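**Student:** compute the structure for the input listed below.
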Amino acid sequence: MRYILSMRPPRIAMGLLFLTMGLWHFSPQNTVLHLHYKLIGSICIIGGFVVMMWGWLLFRKVKTAICPTGIPSALVAAGVFKISRNPMYLGMLMMLMGSAFLMGTIPSLFAPIAFFLIIDKVFIPYEEKKLVEVFGEDYSDYAKKTRRWI
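**Tutor:** Have a look, this model is predicted:
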């Protein structure tokens with residue numbers, strides 16, 4: 001688990017995306033998503049990027065640690081953090097889902113599913129524990145009011 005925590009989530013997302021693209025490239029190219037999947041995929045990628053960058057900019061504005069293993073100096077609960085406690089992770093997940101829609105095959109779902117599980121089961125519990133230690137009741141109150149993802 002410590003090894004996974006030493007990796008940066010954007011690098012995990014990119015690695016999973018490249019792995020998925022390899023799976024997609026070598027798998028049968030039968031499209032299984034017959035909706036307007038290119039439009040949905042594009043909207044997910046653009047929307048995910050906006051959500052991720054909005055969260056990142058709010059962290060930069062208050063000069064708190066962006067790296068999951070860093071020590072936070074401020075609890076950010078404004079802007080996109082009113083909607084999600086983890087907007088940067090949500091944005092990356094949305095971009096991976098958008099990529100899956102653009103590829104349109106079953107193997108393309110590997111990256112978003114794997115990313116969700118890694119972040120939800122490893123990174124977020126680690127961060128939440130640290131936030132409770134640093135901010136105590138303030139973080140607990142925030143967590144009660146704001147969902148983990150959306």
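**Student:** can I get the CA coordinates of the lowest-mean-pLDDT helix or strand in the chain in PDB?
**Tutor:** Here the helix or strand of the chain ranked lowest by mean pLDDT, DSSP states H and E is helix 2-6, holding a mean of 85. The C-alpha trace of helix 2-6 is given here as PDB (Å, rounded to 0.1, in the frame of the first residue of the first chain):
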ATOM      1  CA  ARG A   2       2.800   2.400   0.800                       C
ATOM      2  CA  TYR A   3       4.200   1.900  -2.800                       C
ATOM      3  CA  ILE A   4       0.800   2.900  -4.300                       C
ATOM      4  CA  LEU A   5       0.700   6.000  -2.000                       C
ATOM      5  CA  SER A   6       4.200   7.000  -3.300                       C
END
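**Student:** residue nearest the centroid of this protein?
**Tutor:** residue 89 (2.0 Å; CA atoms, centre = their mean).
**Student:** sorry, back to before: buried ones in the least confident helix or strand of the chain?
**Tutor:** By neighbour count on 16 or more other CB atoms under 10 Å, the buried set for helix 2-6 is empty. All C-beta atoms are positioned from the backbone trio N, CA, C, and that covers glycine.
**Student:** what comes into contact with that helix?
**Tutor:** 12, 68-69, 118, 122-123, 126 (CB atoms under 8 Å, 6 or more residues apart in numbering).
**Student:** taking those residues one by one, which sit in helices?
**Tutor:** 12, 118, 126 (DSSP state H).
**Student:** and the closest residue to residue 75 other than its chain neighbours, how close does it get to residue 69?
**Tutor:** Using CB to CB, 6 or more residues apart in numbering and skipping residues adjacent in sequence, the residue nearest residue 75 is residue 135, 4.9 Å away. As defined by CB to CB, to the nearest Å, residue 135 lies at a distance of 17 Å from residue 69.
**Student:** again, but for residue 26
**Tutor:** Residue 26 is 35 Å from residue 69, by CB to CB.
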